[in-house]
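Trainee: Predicted structure and sequence below. I'll ask about it afterward.
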Amino acid sequence: MRKREVALAGEPGAPAVKEEQFVTALARGLEVLQAFRPGEHRLGNQELARRTGLPKPTISRLTYTLASLGFLSYERDTASYRLSIRALSLGFSALGGFAVRDVARPYMQKLADETGVSVALGARDGPGMIYIEHCRGDSPLHIGIEVGSHISLATSAMGRAYLVALPSPERTLLLDALAQKGGRGSLRKSVETAESDYEAHGFVLSLGDWKPGVNAVGVPLVLGSGPLSFSLNCGGPAGLLPPELLRDSVGPKLAAIAAAIRKDMNLQSA
C-alpha cells in the first residue's frame, strides 16, 4: 500500500501518516479482510491476490495468519477462505457505536414506506461511501444495495451530498486524490453541479450517473467533524423516481429528515 493510498483510506480528519509509524504487514492484513464484498462467502488466495495486488506468496502468509487468529475460516473442500464471526463482530461493534442509526431509522423507514423505494444512511470509507443503515419500501424493484455495500463518492447522490458538506480545503484534497484514478474533469464538473443543486435546493441529485436507470437524491448529515459526517439518500428505479418527483417532493422530505435527526441529537441545523 502506497502512502497516497494510505492517506485516502484513512478516516476524514485523521492525523497524517508518518512512515516510521506505519506497519505495512498490518495494512496488508486489513487489505485482505476488506477484499471480501457483501454477498460473497468464499475467496481463494488467487482471487485475493488479484483484488489486493499483493503477491500470492504474501497472500498465503497473510491468510494463514488471519485464519490462525480466528479472523478467517479455511474450507478445505474449496481451498478458500471466508470471514469468520470474529471478523464480522468488528463491523457489528463499529455499527453499534453509531447512535445516529437508531435516531435516523424511524424517519428513514417512514420515507421508504411513502416512496416504496430505498432510503439509506452512509459514511465515507476511503474512496467511496459505505451504507451503515438501510430501509426498504414495498416496491418489488430494488437496486441490490444493503448495509455494508460500497458506492461511488463522485457519481452517487450519497457521495455527492457528503462532498458538498466538506470544508473547501478538505474537499479539494480529497478530489485531488480521487482524480489520480482518472476522470479529473468529469469529477470536478459533477461536484460543481452538486454544489449548485445543494445551494439552490438543499439537496443533490444523481440521475442515472451512478447506474443507468437509477435516480437518487442525497442530503448531508453533519453531526460533528471527521467521522461524524454522514449523508442520507433515497434512490431507486428511474420509473419510480422521476427527476420532478425528486425535486418537488422527495428531496425536501429528505432534507427535513436530516434536520429532524440533528434536532433529536441536540444539534443545531446545518
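Mentor: Yep, that arrived.

Trainee: In which helix or strand does the residue in the chain sticking out farthest from the centre reside?
Mentor: No residue in the chain sits farther from the centre than Asp77, which is 33.7 Å out by C-alpha atoms, centre = their mean. Using DSSP states H and E, Asp77 sits within no helix or strand.

Trainee: pLDDT score for it?
Mentor: As summarised for this prediction, Asp77 has a pLDDT of 84.

Trainee: what's it sitting at in phi/psi?
Mentor: When read as degrees, to the nearest 10, the backbone of Asp77 gives phi -60, psi -40.

Trainee: State the distance from it to Gly44.
Mentor: When C-beta to C-beta, to the nearest Å is the yardstick, Asp77 and Gly44 sit 12 Å from each other. Using the backbone N, CA and C atoms, a C-beta is placed for each residue, glycine as well.

Trainee: shared neighbours of the two, anything?
Mentor: Shared contacts of Asp77 and Gly44, defined by C-beta atoms under 8 Å, 6 or more residues apart in numbering, are absent.

Trainee: Where do the strands of the protein begin and end?
Mentor: With DSSP state E as the criterion, the chain has strands at 72-75, 80-83, 118-125, 128-135, 150-152, 204-207, 214-222, 229-237.

Trainee: could you dump the ones you listed to TSV with mean neighbour count and distance to Val191?
Mentor: Formatted as TSV, the strands of the chain follow (neighbours: other C-beta atoms under 10 Å; distance: least, C-beta to C-beta, whole Å):
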stretch	mean neighbour count	distance to Val191
strand 72-75	17	38
strand 80-83	20	34
strand 118-125	25	14
strand 128-135	20	14
strand 150-152	20	12
strand 204-207	24	9
strand 214-222	26	13
strand 229-237	25	14
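
Trainee: Isn't Asp209 up against Thr155?
Mentor: Yes - using C-beta atoms under 8 Å, Asp209 makes contact with Thr155 at a distance of 4.5 Å.

Trainee: Overlap of the contact sets of those two?
Mentor: What both Asp209 and Thr155 touch, as defined by C-beta under 8 Å, 6+ apart, is the set Ser190.

Trainee: ok, Ala154 to Ala161 distance?
Mentor: With C-beta to C-beta as the criterion, Ala154 and Ala161 are 12 Å apart.

Trainee: Leu26 too?
Mentor: Leu26 is 32 Å from Ala161, by C-beta to C-beta.

Trainee: Kindly reformat the strands of the chain as a markdown table and extend each row with distance to Arg171.
Mentor: Compiled in a markdown table, these are given as follows (distance: least, C-beta to C-beta, whole Å):
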| stretch | distance to Arg171 |
| --- | --- |
| strand 72-75 | 37 |
| strand 80-83 | 33 |
| strand 118-125 | 12 |
| strand 128-135 | 14 |
| strand 150-152 | 16 |
| strand 204-207 | 13 |
| strand 214-222 | 12 |
| strand 229-237 | 11 |
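
Trainee: quick one, which of Leu26 and Ala161 is more surrounded?
Mentor: Ala161 (30 against 9; other C-beta atoms under 10 Å).
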